[in-house]
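Engineer: Got a sequence here, can you model it:
(2 chains)
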Protein chains: 2
Amino acid sequence: MARWQPNASERLVAAALDLFAERGYENTTVIDIAERAGLTKSTFFRHFQDKREVLFGGGAMAELLAKAIAAAPVSATPLEAVAHALDEVGSEAFTAARREFTARRRAVIAANPELREREALKGLGLTASMAEALGRRGVPDLTSRVAAELGALTLKIAYERWSDTANTEEFGEVARRTLGEVQAAGASSLR
Amino acid sequence: MARWQPNASERLVAAALDLFAERGYENTTVIDIAERAGLTKSTFFRHFQDKREVLFGGGAMAELLAKAIAAAPVSATPLEAVAHALDEVGSEAFTAARREFTARRRAVIAANPELREREALKGLGLTASMAEALGRRGVPDLTSRVAAELGALTLKIAYERWSDTANTEEFGEVARRTLGEVQAAGASSLR
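Structural biologist: The predicted structure is shown next:
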């Protein structure tokens, strides 16, 4: 009889990252991951569709960004709404407890061309999600797309900076500073 | 004995697009394409690595953009260098004779998720190529990345507009106007 396994999802993710680092993503099976976590294959599949999903947990980030943009004050400019979304990412997803996981996840992805492609495509999905959320706030289409590109670039750079384990700042701080730099770069490229 | 086939590459591309439209990308083989073009399989492989390459001809566009950015006047701002590159794309790649091919290519890609992913990844490669070329001009890293994102967004939108077969404008004109709109949207998203 299947029964509830406390923290099964976290244990599977931790086991997967250990195995990917030890023997490579390609040489790790779902059964290996479940065994290392002390769980069964069917428990794995209750939490993740396949091996890749351990690293790319569905559309949670795209949804988080879209919701936060929708919830930004009515008076917020497009980039202020994006900044609000980046704050939410810091408090909901990229918490201090997740920093080490994130650094290991990045190393696994960097070592595998297929995973790098998947990560790049996920990034495009985040851009599209932000642009759509800005559009629903009444921001004109092209302005939404430009603001979403600047937001996605900020998210990418801030993620790289924050997940460096030598960094002790909170994600929100890193993201705010990075957004300021991206805005300044935007202004100077428009000159 | 293999001998020179005039316009073999163009004939293979035209045959491939016909077949993709008729029976779908998945249901078309390299042999089908070669036969339709009146050529052999080995001629196909002298021109293209595989079936997908008929649609995504190597790194030619990334190279064209990088070269044109390098060749822009020393005094050009980052976005003026990008504008110069878009002009070159219009005179070298997206010529009037290519418009119909481009419209058909877009329809084939739109119908296939795997090809849509490939197209999206190619777009990221173009952004990286422009950012690197701007960096080699001495543009600071973040300004290069922002200008390249704005350039890539302009290229994507201008490509969609220009490849609409009802459009009779030259690519260069469409791209210049689009870049102006993207710059205005950038300025308004930075406010």
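Engineer: in chain A, what secondary structure element scores lowest on mean pLDDT?
Structural biologist: The weakest-scoring helix or strand in chain A, judged by mean pLDDT, DSSP states H and E, is helix A:99-110 (a mean of 88).
Engineer: Sketch out the low-pLDDT regions of chain A for me.
Structural biologist: A:1-5, A:58 (pLDDT under 70).
Engineer: list the contacts for the most centrally placed residue in chain A?
Structural biologist: Centroid check for chain A by Cα atoms, centre = their mean gives residue A:61 as the closest residue, at 5.6 Å. Each residue near residue A:61 by Cβ atoms under 8 Å, 6 or more residues apart in numbering or on different chains is listed here: A:89, A:93, A:122, A:126. All C-beta spots, glycine's among them, are computed from the backbone N, C-alpha and C.
Engineer: Chain B: which of these is nearest?
Structural biologist: If you rank the contacts of residue A:61 by distance to chain B using Cβ to the nearest Cβ, residue A:122 comes first, at 10.9 Å.
Engineer: Now do the closest one against residue B:168, distance only.
Structural biologist: 38 Å (Cβ to Cβ, to the nearest Å).
Engineer: Show me where chain A has its helices.
Structural biologist: Counting by DSSP state H, chain A has these helices, from start to end: A:8-23, A:30-36, A:41-47, A:60-71, A:78-92, A:99-110, A:113-136, A:141-163, A:171-190.
Engineer: give the contact list for the nearest residue to residue A:48 once chain neighbours are set aside.
Structural biologist: Nearest residue to residue A:48, sequence neighbours excluded (Cβ to Cβ, 6 or more residues apart in numbering or on different chains): residue A:54, at 5.4 Å. Counting by Cβ under 8 Å, 6+ apart, residue A:54 touches A:12-13, A:16-17, A:33, A:48.
Engineer: Now with 7 Å, please.
Structural biologist: Contacts for residue A:54 (Cβ atoms under 7 Å, 6 or more residues apart in numbering or on different chains) come out as A:12-13, A:16, A:48.
Engineer: Dump these into a markdown table; add neighbour count as well.
Structural biologist: Listed next are the contacts of residue A:54 as a markdown table, based on neighbours: other Cβ atoms under 10 Å in any protein chain shown:
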| residue | neighbour count |
| --- | --- |
| A:12 | 23 |
| A:13 | 21 |
| A:16 | 27 |
| A:48 | 21 |
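Engineer: Just give me the closest of those to residue B:77.
Structural biologist: Relative to residue B:77, the closest of the contacts of residue A:54 is residue A:13; by Cβ to Cβ it sits at 45.8 Å.
Engineer: Return the distance of the nearest residue to that closest one once chain neighbours are set aside relative to residue A:103.
Structural biologist: Counting by Cβ to Cβ, 6+ apart, residue A:54 is the residue found nearest to residue A:13 once chain neighbours are left out, at 5.7 Å. Per Cβ to Cβ, residue A:54 is found 16 Å from residue A:103.
Engineer: Can you give the domain ranges for chain A?
Structural biologist: A:8-54, A:60-190 (automatic domain parsing).
Engineer: Pull up the distance across the first one, start to finish.
Structural biologist: What it means is domain A:8-54. 12 Å (Cα to Cα, to the nearest Å).
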